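In: Here you go, sequence then predicted model.
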Number of protein chains: 2
Amino acid sequence: MADHSTHVAGIGNAIVDVLVHADDLLLHKLGLAKGVMTLIDADQAETIYAQLPPGIECSGGSAANTIVGIAGLGGRAAYMGKVRDDQLGQVFRHDIRSSGVRFDTPAATGGPSTARCFVLVTPDAQRTMLTYLGACVDFGPDDIDGTVIGNAAVTYLEGYLYDPPAAKQAFQQAAAIAHDAGKMVSLSLSDPFCVDRHRDAFLDLVSGHVDILFANEAELCSLYRTESFDDAIRNVRGHCKVAAVTRGALGSVVATDEDVHVVGADTVAQVVDTTGAGDLYAAGFLFGFTQGRDLPICAMLGGIAAGEIISHFGARPEHPLRELARAKLGANTFENM
Amino acid sequence: MADHSTHVAGIGNAIVDVLVHADDLLLHKLGLAKGVMTLIDADQAETIYAQLPPGIECSGGSAANTIVGIAGLGGRAAYMGKVRDDQLGQVFRHDIRSSGVRFDTPAATGGPSTARCFVLVTPDAQRTMLTYLGACVDFGPDDIDGTVIGNAAVTYLEGYLYDPPAAKQAFQQAAAIAHDAGKMVSLSLSDPFCVDRHRDAFLDLVSGHVDILFANEAELCSLYRTESFDDAIRNVRGHCKVAAVTRGALGSVVATDEDVHVVGADTVAQVVDTTGAGDLYAAGFLFGFTQGRDLPICAMLGGIAAGEIISHFGARPEHPLRELARAKLGANTFENM
């Protein structure tokens, strides 16, 4: 039965993105700092929506994007997250399942509607996000499927889970189940301000319970309250087995106790929208990792998946990731993955 | 007050599109003929959705796309159509209003959900559509705002309105109000199979009540049951004041009693998705027409708007149409529009 188990089980806030084009003037008018994720309530969501240009709706959610990417690369992937039994919830469920991901978390039958994230994409391809958590606040320990977690090589958790209180408990429970089963736990720091909101808890987690940490440069620096990337890398080594840190066009750095790998970014003809870049980097990395590949190959796979996602609007892949990775890495390297 | 009246008032089925990439195999599996619009019921919608890959949601509806295009070119535009008070209805209302269109039709508070159209886009950029009419069946004569229609230079109606029975009555009422006020009525034939379903009614309309007819080659040939484009053009001349007939990459033909203009298509670097090509042609044409421009200029404006829409996924403009038209036609020609 072992070969039928899951490579990666992801847990996160189940969100539908509303993607809109915006300029710096609109960000200024809404009082938003570029590149940041801000939490908003239902009233704010309505007020802000009224000020936004026409959009397109697309399934999102940080860990969900990662898990869909892993399935697209050919990994066996499962997801847990809470939607409501409304139209956007149906959209989320359809999209993740039709991507080949196992997703069985029951929809909430009452309470807030399915979560929405307004993603404002500026002409410089940066995204600024406003998240209404909606039904995500109803995700709790009861929604953790222990059998799936216990059979997954890696359980992947997004830092954003620390925002809805019950999800934080679910997060801790999932991590405990994974470790009791001798499996690995991976955390994505999600956002520098998310790190700011939950720094002590994250420091605790990283040093005690996280095997594979994902962060970008700003998030890692925020975690260790330093402005020096080098200091941040020095700090994280030894705190967790593997830290994979992305640096945009500079590629990524993978740090372990023994080694530091510096891997270049994939070349992209035109960067259209950076939404999901970190999510898809984690997808490529974890796919390689659960296939037993060396860390530099994992980082290259991360770069390839991130390169696909930033070349178009939206945070779910538009091109078959497995074919793309095979073409970029060569059939030989990709064989048996 | 005259200069504050509406240039074009559109009436149509208010629909949210679910755009998915598909291949010929999937069309075959679903038993669909490429390029056609098929009506489906709620059960079929559910069954088919389960077989579709992940999608993106985007406001659509034939006449709504046209009206949004007119607003984007700088015209004063209004729309009437029925959504429900659900999430997709909110999306439709937000998108059309934030495009600068007046849209006041009250949402249905009960009954079927907001209409959805599955748009399957094949690698050859053709689109095959499956429409669940949902709340559109609740659009009726009471939803016609006579003041708006009476003050609009042109009332624009999509042929698809003949599918929900009460909308057909609303259609006829709107046309009567427009003519009583001395204004013009425009009809788009929508789809060859829509023409097939309602041929006699359309023939009646075109010869008696339509001032400006929009059709593509296949629709016009279907209307007059001929395989010869030339015959179809001969038939339509005299049946209505102006017939603007699109022929894809061949451009369009504008026929009146006095004259026939043959106008080339706009050049497009890459055709990605032809969804909305006819809708946006009508937008450009009607914008020019209501600005008092000569018919060949109207046809060129139609080609420019259609060229924008087929260069990307989805049937709502992604680039500012007014700037595009000014760049293509030259500031002099565009002046005072």
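Out: Received, thanks.
In: Any buried residues in the lowest-mean-pLDDT helix or strand in chain A, and which?
Out: Every helix and strand in chain A was compared by mean pLDDT, DSSP states H and E; the lowest is helix A:331-334, with a mean of 82. By 16 or more other Cβ atoms under 10 Å in any protein chain shown, the buried positions in helix A:331-334 come out as A:Phe334. Just so you know, the C-beta spots here come from the backbone N, C-alpha and C atoms, and that holds for glycine as well.
In: who's in contact with it?
Out: With contacts defined as Cβ atoms under 8 Å, 6 or more residues apart in numbering or on different chains, helix A:331-334 is touched by A:297, A:325-326.
In: Turn these into CSV, columns for secondary structure, distance to B:Ile304 and neighbour count.
Out: Shown next, in CSV, are the contacts of helix A:331-334 (DSSP: H, G, I helix; E, B strand; the rest coil; distance: Cβ to Cβ, whole Å; neighbours: other Cβ atoms under 10 Å in any protein chain shown):
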residue, secondary structure, distance to B:Ile304, neighbour count
A:Ile297, helix, 48, 21
A:Ala325, helix, 39, 24
A:Arg326, helix, 40, 19
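In: what does the stretch 51-200 of chain A put close to chain B?
Out: When proximity is defined by Cβ under 8 Å from any Cβ of the partner chain, the stretch 51-200 of chain A lies next to chain B at A:52-59, A:68, A:86-88, A:91, A:94-96, A:98-99, A:113-114.
In: and with 6 Å instead?
Out: Within the stretch 51-200 of chain A, the positions adjacent to chain B are A:53-54, A:56-58, A:86-88, A:94-95, A:98-99 by Cβ under 6 Å from any Cβ of the partner chain.
In: Dump those residues to a markdown table, plus secondary structure.
Out: Listed next are those as a markdown table, based on DSSP: H, G, I helix; E, B strand; the rest coil:
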| residue | secondary structure |
| --- | --- |
| A:Pro53 | coil |
| A:Pro54 | coil |
| A:Ile56 | strand |
| A:Glu57 | strand |
| A:Cys58 | strand |
| A:Asp86 | coil |
| A:Gln87 | helix |
| A:Leu88 | helix |
| A:His94 | helix |
| A:Asp95 | helix |
| A:Ser98 | helix |
| A:Ser99 | coil |
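In: Which among those residues count as buried?
Out: Here, 16+ other Cβ under 10 Å leaves A:54, A:56-58, A:86-88, A:94-95, A:98-99 buried among these.
In: What are the contacting residues of stretch A:90-105?
Out: Stretch A:90-105 is contacted from outside by A:14, A:16, A:59, A:67-68, A:71, A:77-81, A:83, A:143, B:49, B:53-54, using Cβ atoms under 6 Å, 6 or more residues apart in numbering or on different chains.
In: next one: stretch A:91-99 to chain centre, how far?
Out: Distance of stretch A:91-99 from the chain centroid (Cα atoms, centre = their mean, to the nearest Å) equals 16 Å.
In: all helices of chain A, in order?
Out: With DSSP state H, the ranges of helices along chain A come out as A:24-29, A:42-49, A:62-73, A:87-98, A:146-150, A:165-180, A:192-197, A:199-208, A:217-223, A:229-236, A:277-290, A:295-309, A:321-329, A:331-334.
In: In terms of mean pLDDT, which of those helices ranks lowest?
Out: In terms of mean pLDDT, the lowest-scoring of the helices of chain A is helix A:331-334 (a mean of 82).
In: what sits against A:Thr274?
Out: So A:Thr274 contacts A:125, A:127, A:310 (Cβ under 6 Å, 6+ apart).
In: List phi and psi for the first one.
Out: Which is A:Ala125. Main-chain torsions, A:Ala125, degrees, to the nearest 10: phi 70, psi 10.
In: now the last one
Out: Comment: the main-chain dihedrals of A:Ile310 come out as phi -80, psi 0, following degrees, to the nearest 10.
In: and the closest residue to chain B within the stretch 201-337 of chain A, what is it in contact with?
Out: Nearest residue of the stretch 201-337 of chain A to chain B: A:Arg316, at 6.1 Å (Cβ to the nearest Cβ). By Cβ under 6 Å, 6+ apart, the contact list for A:Arg316 reads A:Val68.
In: give me that answer again for 7 Å
Out: Counting by Cβ atoms under 7 Å, 6 or more residues apart in numbering or on different chains, A:Arg316 touches A:58-59, A:65, A:68, B:54.
In: Where does the stretch 101-250 of chain A get nearest to chain B, residue-wise?
Out: Closest point on the stretch 101-250 of chain A to chain B, by Cβ to the nearest Cβ, is A:Ser113, at 6.9 Å.
In: burial of that residue, as a residue count?
Out: By other Cβ atoms under 10 Å in any protein chain shown, the residues close to A:Ser113 number 20.
In: what are the phi and psi angles of it?
Out: phi -80, psi 170.
In: what sits against it?
Out: With Cβ under 7 Å, 6+ apart, A:Ser113 has these contacts: A:84, A:86, A:88, A:134-135, B:87.
In: ok, now with 8 Å
Out: By Cβ under 8 Å, 6+ apart, the contact list for A:Ser113 reads A:84, A:86, A:88-89, A:134-135, B:87.
In: related to what we said a few turns ago, using a markdown table, lay out the helices of chain A together with distance to B:Leu205.
Out: As requested, these are exported to a markdown table (distance: least, Cβ to Cβ, whole Å):
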| stretch | distance to B:Leu205 |
| --- | --- |
| helix A:24-29 | 44 |
| helix A:42-49 | 39 |
| helix A:62-73 | 48 |
| helix A:87-98 | 35 |
| helix A:146-150 | 59 |
| helix A:165-180 | 57 |
| helix A:192-197 | 59 |
| helix A:199-208 | 66 |
| helix A:217-223 | 62 |
| helix A:229-236 | 69 |
| helix A:277-290 | 52 |
| helix A:295-309 | 48 |
| helix A:321-329 | 50 |
| helix A:331-334 | 59 |
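In: among these, which is nearest A:Ala9?
Out: Among these, helix A:146-150 comes nearest to A:Ala9, with 5.3 Å by Cβ to Cβ.
In: if we can go back for a sec, which of the contacts of A:Arg316 lies closest to B:His179?
Out: Closest approach to B:His179 among these (Cβ to Cβ): A:Cys58, at 43.2 Å.
In: Touching, the closest one and A:Val16? I think so.
Out: Yes - using Cβ atoms under 8 Å, A:Cys58 is in contact with A:Val16, at 7.2 Å.
In: per-residue pLDDT, the nearest residue to A:Ala265 once chain neighbours are set aside?
Out: Excluding the flanking residues, the one nearest A:Ala265 by Cβ to Cβ, 6 or more residues apart in numbering or on different chains is A:Gly251, at 4.1 Å. Predicted confidence (pLDDT) at A:Gly251: the value is 96.
In: distance of A:Ser311 from A:Gly81?
Out: Distance check for A:Ser311 against A:Gly81: by Cβ to Cβ, to the nearest Å, it reads 26 Å.
In: Show me which of the two is the more surrounded one.
Out: Neighbour tally, A:Ser311 and A:Gly81, criterion other Cβ under 10 Å: the higher count belongs to A:Gly81, 27 against 17.
In: ok, that one - contacts?
Out: Counting by Cβ under 8 Å, 6+ apart, A:Gly81 touches A:11-14, A:61, A:63-64, A:103, A:105, A:136, A:139.
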